[in-house]
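J.: Dropping the sequence and predicted coords here.
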Amino acid sequence: MANPHPPAPLSRRAGRGGNEEPIDRGPIIAMRDISKRFGPALANDHISLDLWPGEVHAVLGENGAGKTTLMNVLAGMYQPDAGTIRIAGEEVQIASPADALRRGIGTVYQHFTLVPNLSIVENVVLGDEGGFLPDLSAADAKLTAMLADFGLDVSPRTEIRNLALGQRQRVEIIKVLLRGSRVLVLDEPTSVLTPGEVTALLDLLRHLRDQGVAVVLITHKLGEALAVSDRVTILRNGRNVGEFGPDVMTGAAKESVRDRIVEQMFGATQPTETRHHGAQQSIDVSPGVAIKHPGHSEPAGEESRHSRTDAAFSRDSSFLGMTTSLRRSPSRAESGTTLLSLRGISTLGDRGAPALQDLSLDLHRGEVFGIAGVDGNGQKELGEVIAGQRAVSSGQIFLDGAEITNRGLGTATRLGIGYVTDDRLHEGSVAASSVTDNVALKAIGRQPFSNGFWLNRRAMDEEARRLIVEFGVKTPGPETAIGMLSGGNIQKLLLARELALAPKLLVCNKPTTGLDLRTARFVVQTLREQADAGKVVVLISSELDELMEISDRIGVMYNGQLVAVMPRGETDLETLGNLMLGGARRAFKVPA
Amino acid sequence: MNGSGVPLAAFVTAMLAAGLVAAVPLVLAALGEAVGEKSGLLNLGIEGMMLAGAFFGFLAAFQTGSAVLGVLGGIAAGAVLGLVFAALTVSLRVDQVLVGLAITIFGGGLTAFLYRDIFGGQNPSLNVDAPRIAIPLLSRIPVAGPAMFNQGVLFYLAFALVPAFAFVLARTRFGLQVRAVGEYPFAADAAGVDVTRTRYLAALIAGSMAGLAGAFLAVADLKIFQVGMTVGMGFIALALTMVGGWNPYRILLASVLFGLLRSLGNGLQILGIDVRTEFITMLPYIGIMIALAILAGRTSIPAALGIPYARGRR
Ligand SMILES: Nc1ncnc2c1ncn2[C@@H]1O[C@H](COP(=O)(O)OP(=O)(O)OP(=O)(O)O)[C@@H](O)[C@H]1O
Ligand SMILES: [Mg+2]
């Protein structure tokens, strides 16, 4: 199968101020007719994919399309059932991840691959092939500079478990970069990064491309893909259904590319089903968040590339206008009666440090209350406190006027408070148990799943099937272990499970992380509908545009406090971004 | 022996020495077990491996007349069982608890059968040299000197291995890989570590050390073999590994305490102090349980302990 797109002309590359030497004519990686089956699921169905040196190649597709599987084949994690892989023209068997690394293929996996009780430097030298004693001090030296470049103000001897999620993600990237790979695969690297970190990461990818590295970027955020990639491949149901080469991606025809990509991904779908990235653009300019990348001196021609980014982002933003139908007038929510009140809440985080300080908040029926904030400023803890998942050290919580402070999770669930965690694999699901069992888990002791002693397997199974259909979950069947589903599909089930309990109040922590455009859309819409039906929805999100879209009020968390609560109509992305970074409060109302 | 006739200093020296010697097989076995568990392998087969080490060590020493060959024979027997354990649990992913218990039962049965078959009812003792080495000066420290510094080679080796194991686990590439593989094998695999190889090596070390511990008993210490002579020491070593939080120094401390409590019990009996023997024999075990209760939860157990790793399974 010949590649329809010849490598980009050298002149284009030279114009970037990067690698001036002639580059091999052929692709560095040529995957041909790769198939991989998991039981009944054909995750990869004769997929062919070429990666070119000096290109950023975006691999897009809905949840369960087979992106991670394909990259795991390239990384040596999976052995393909059929198909061949050539590296620089030579056919190879990639026997193991170690083998892939040796051949210069580095991967940042979708799921975390850092050992939590080892230090950063130990994780970095872990897979090195070297003598009996690893030279930690030498690695320290290299790492310290790198960590600083990535805006990580931590010692290389810090244990991973003491890092926040976003910090860990950056360590993952550093770890792979230090290997000096010529092929770099990043599977949804941006999902836990702040907008500023995302911008910096995209810059870094451009820099690597200019060094001649072949970069693969898997993402559900079209704005990111359009901003950096020279080539886009779209997977659907395990097949390669389309590819856009540099001629399209960098050419004048770019404007229409987005719609064509969305169409390829989902079939004939409305462009309104698209997520927006206006937030990225406005936060770009905030000082102090941008991470630098190592040894990157701005080459000439940088300007034009950046303007390309901005064009892509603003095109994203323009979709904001197409979703007004989701917005309601905030006045209705304000007239809603108070369901839950927090009064002077303080609590400790997992590491024993204060996470919330003297926080008060009223939640009203019929509203979506959005919570914004840079990771680690107490959003997660606030969500957990509201959901009754975390005990408070002082303060009171009232539900409909009755005090429910520290009554525990069981009470909260019984009183109609639901919670969707952001830690779907560990906290949210029992990976080795079936979809059915996971769906029934939260209500397992009650009708109709149980009469108090015997389980009603039939009722559980019916419920699972109903939710699978209703939420469009991709799974071989309800008996499949939930851990085998793709990330997005697990997320759908967790939400479905909570909604099935018909809660009065639902707390969702980053419910759209890792979801494809259409599913994310679906989740956001579902949450809005819940509020419109008189429920309270608390939405913690790092997607500001998502918050702006469906929240009636948005609260910003900084340092364990709600530094501002604003009706949606009275704020904008820039204000939110500033507040998140601890910027001066504007003249907005602060909660009572 | 009449207690009143023994000078106190000599008595204390003897008790110290007995306690330290009793700790040696425990330290050896527990050090190996710590490496195994750090790599994610819970080896309940130590007891069987120790017995195999004791028997084959005894047999080799008996046949060759060489203590050195005897000890090597014991190590080899433990190593073989360690590899069997790895093959079943790492490669075939059979449940570690089942395999471990099977090895313990198998080790007990096999050595009993072979001992009776080969030695036919006789209970020979070894006639090999296992000389004591008195360390100049140190061995002349009053009371403690003769107990600590006038001992056999394996005695010194056991204590020397403690810092060696601590160093290997904390500082070397192998130790790093062991810790990673026992905590989060997927991450280790993704980083390019050979999870299977690392766990095989760890099992090999655990088996060899258990074999060495058995050989110490039969070849160096008692110079005889008895059916079931380890009397649960393998399981004690297992408990000491946990009490010691997988840290070689703390394992040493726990083992020595255990050994001393045991010899203290014996000493009290020798002195003729009127305590029920049942209570005295219970003493060290009660000590272990108290230590386990106090230390439980202090150090975190390797997250992947007991869980087989299969690449590509989530
Ligand atoms: N290890 C596995 N065992 C069983 N099934 C698997 C395994 N890995 C993937 N699958 C199945 O293969 C299909 C493709 O999954 P994959 O993870 O490649 O999707 P994806 O495109 O990366 O999706 P997402 O965007 O949600 O991450 C899914 O249907 C999934 O259930
Ligand atoms: Mg994926």
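T.: Noted; the coordinates are in hand. Numbers count the residues shown, from 1 in each chain, chains lettered A, B, ... in the order given. Ligands and ions are numbered 1, 2, ... in the order given.

J.: helix/strand/coil for residue A:369?
T.: Here residue A:369 is strand, with the state taken from DSSP: H, G, I helix; E, B strand; the rest coil.

J.: Surely it and residue A:541 touch.
T.: No - contact status for residue A:369 versus residue A:541: not in contact, 11.3 Å apart, counting by Cβ atoms under 8 Å. Just so you know, the C-beta spots here come from the backbone N, C-alpha and C atoms, and that holds for glycine as well.

J.: Report the separation between the spatially most central residue of chain A and chain B.
T.: By Cα atoms, centre = their mean, chain A has its centre lying nearest to residue A:191, at 2.4 Å. Using Cβ to the nearest Cβ, to the nearest Å, residue A:191 is found at 17 Å from chain B.

J.: right, and the helix or strand after the strand or helix carrying residue A:50?
T.: Assessed by DSSP states H and E, residue A:50 sits inside strand A:41-51. Per DSSP H and E, the first helix or strand lying C-terminal to strand A:41-51 is strand A:56-60.

J.: so the helix or strand just after that next one versus strand A:56-60, what angle?
T.: As assigned by DSSP H and E, the chain's next helix or strand after strand A:56-60 is helix A:67-74. Helix A:67-74 runs at 130 degrees relative to strand A:56-60, counting by axes from the mean of the first three to the mean of the last three Cα atoms, to 10 degrees.

J.: Check which residues of the strand holding residue A:50 are buried.
T.: A:41-45, A:47-51 (16 or more other Cβ atoms under 10 Å in any protein chain shown).

J.: Show me which of these is closest to chain B.
T.: Closest to chain B out of the buried residues of strand A:41-51 is residue A:43 (11.0 Å), distances taken as Cβ to the nearest Cβ.

J.: Against ligand 2, how distant is the closest one?
T.: Remark: distance between residue A:43 and ligand 2 (Cβ to the ion, to the nearest Å) = 10 Å.

J.: Excluding chain neighbours, what is closest to that residue?
T.: Among residues not flanking residue A:43 along the chain, residue A:69 sits closest, at 4.1 Å (Cβ to Cβ, 6 or more residues apart in numbering or on different chains).

J.: How about residue A:561, nearest residue that isn't a chain neighbour?
T.: In space, residue A:561 is closest to residue A:357, 5.6 Å off (Cβ to Cβ, 6+ apart).

J.: Hmm, the one you found is touching residue A:558, no?
T.: No - assessed by Cβ under 8 Å, residue A:357 is found out of contact with residue A:558, at 10.8 Å.

J.: ok, these two, which is more surrounded?
T.: residue A:558 (20 against 16; other Cβ atoms under 10 Å in any protein chain shown).

J.: How about whatever residue of chain A ends up closest to ligand 2, nearest residue that isn't a chain neighbour?
T.: Relative to ligand 2, the nearest point of chain A is residue A:68 (3.1 Å; Cβ to the ion). Excluding the flanking residues, the one nearest residue A:68 by Cβ to Cβ, 6+ apart is residue A:110, at 5.2 Å.

J.: which element is the one you found on?
T.: Residue-wise, residue A:110 maps onto no helix or strand under DSSP H and E.

J.: got a list of what it touches?
T.: A:68, A:187-188, A:218, A:487, A:514 (Cβ atoms under 8 Å, 6 or more residues apart in numbering or on different chains).

J.: Of those, which belong to strands?
T.: A:187, A:218 (DSSP state E).

J.: per-residue pLDDT, the residue lying farthest from the centre of chain A?
T.: Residue farthest from the centre of chain A, counting by Cα atoms, centre = their mean, is residue A:453 at 40.1 Å. Note on residue A:453: pLDDT of 73.

J.: Likewise for residue A:177?
T.: Residue A:177 is assigned 88 on the pLDDT scale.

J.: Tell me the first helix or strand C-terminal of the lowest-mean-pLDDT helix or strand in chain B.
T.: Sorting the helices and strands of chain B by mean pLDDT, DSSP states H and E puts helix B:144-149 at the bottom, at a mean of 73. Per DSSP H and E, the first helix or strand lying C-terminal to helix B:144-149 is strand B:150-151.

J.: What are the boundaries of the strands in the stretch 101-250 of chain B?
T.: Along the stretch 101-250 of chain B, the stretches classed as strands by DSSP state E, counting those that start in this stretch are B:133-134, B:150-151.

J.: What helices and strands are in contact with the top helix by length along chain B?
T.: Assignment by DSSP state H gives helix B:8-38 as the longest helix of chain B. Applying 3 or more Cβ pairs under 8 Å, 6 or more residues apart in numbering or on different chains; DSSP states H and E, we find helix B:8-38 packed against helix B:46-64, helix B:144-149, strand B:150-151, helix B:153-171, helix B:173-183, helix B:195-215, helix B:233-243, helix B:248-270.

J.: tilt between it and helix B:153-171?
T.: Using the same axes, to 10 degrees: helix B:8-38 against helix B:153-171 is 40 degrees.

J.: Helix B:8-38 versus helix B:233-243: what angle between them?
T.: Angle, helix B:8-38 to helix B:233-243, by the same axes, to 10 degrees: 80 degrees.

J.: now the angle between helix B:46-64 and helix B:8-38, please.
T.: Angle of helix B:8-38 versus helix B:46-64, following the same axes, to 10 degrees, is 110 degrees.

J.: for helix B:8-38, which positions count as buried?
T.: Under the neighbour-count criterion of 16+ other Cβ under 10 Å, helix B:8-38 has B:12-38 buried.

J.: what distance separates it from the centre of its chain?
T.: Averaging C-alpha positions (Cα atoms, centre = their mean, to the nearest Å) puts helix B:8-38 9 Å from its chain's average.

J.: Mean confidence (pLDDT) on it, please.
T.: Rounded mean pLDDT across helix B:8-38 is 91.

J.: Equivalent analysis for stretch B:197-210, please.
T.: Stretch B:197-210 shows a mean pLDDT of 98.

J.: quick one: it near chain A?
T.: No - figure legend: stretch B:197-210 not in contact with chain A (Cβ under 8 Å from any Cβ of the partner chain); closest approach 10.1 Å.

J.: circling back: and the residue nearest to residue A:68, how far from chain B?
T.: 11 Å.

J.: okay, that residue: pLDDT?
T.: On the pLDDT scale, residue A:110 is placed at 87.

J.: Please work out which residue of the stretch 1-150 of chain A is closest to chain B.
T.: Closest point on the stretch 1-150 of chain A to chain B, by Cβ to the nearest Cβ, is residue A:127, at 3.2 Å.

J.: Tell me if I am right that that residue is in a strand.
T.: No - Residue A:127 is assigned coil when assessed by three-state DSSP, not a strand.

J.: Wait, it touches residue A:99, no?
T.: No - using Cβ under 8 Å, residue A:127 is not in contact with residue A:99, being 11.6 Å away.

J.: Show me which of these two is the more surrounded one.
T.: Applying other Cβ under 10 Å to residue A:127 and residue A:99 shows that residue A:127 carries more neighbours, namely 24 against 15.

J.: Now do the same contact list for that one.
T.: A:98, A:101, B:188, B:191-193.

J.: partner residues bridging residue A:235?
T.: Counting by DSSP bridges, residue A:235 forms beta bridges with residue A:240.

J.: low-scoring stretches of chain B, by residue?
T.: Confidence mapping of chain B against pLDDT under 70 gives the ranges B:1-6, B:130, B:296-299, B:313-314.

J.: Swap in 80 and give it another go.
T.: Filtered on pLDDT under 80, chain B yields the residue ranges B:1-9, B:121, B:128-151, B:265-281, B:283, B:291-300, B:312-314.

J.: Fine, thanks again, bye for now.
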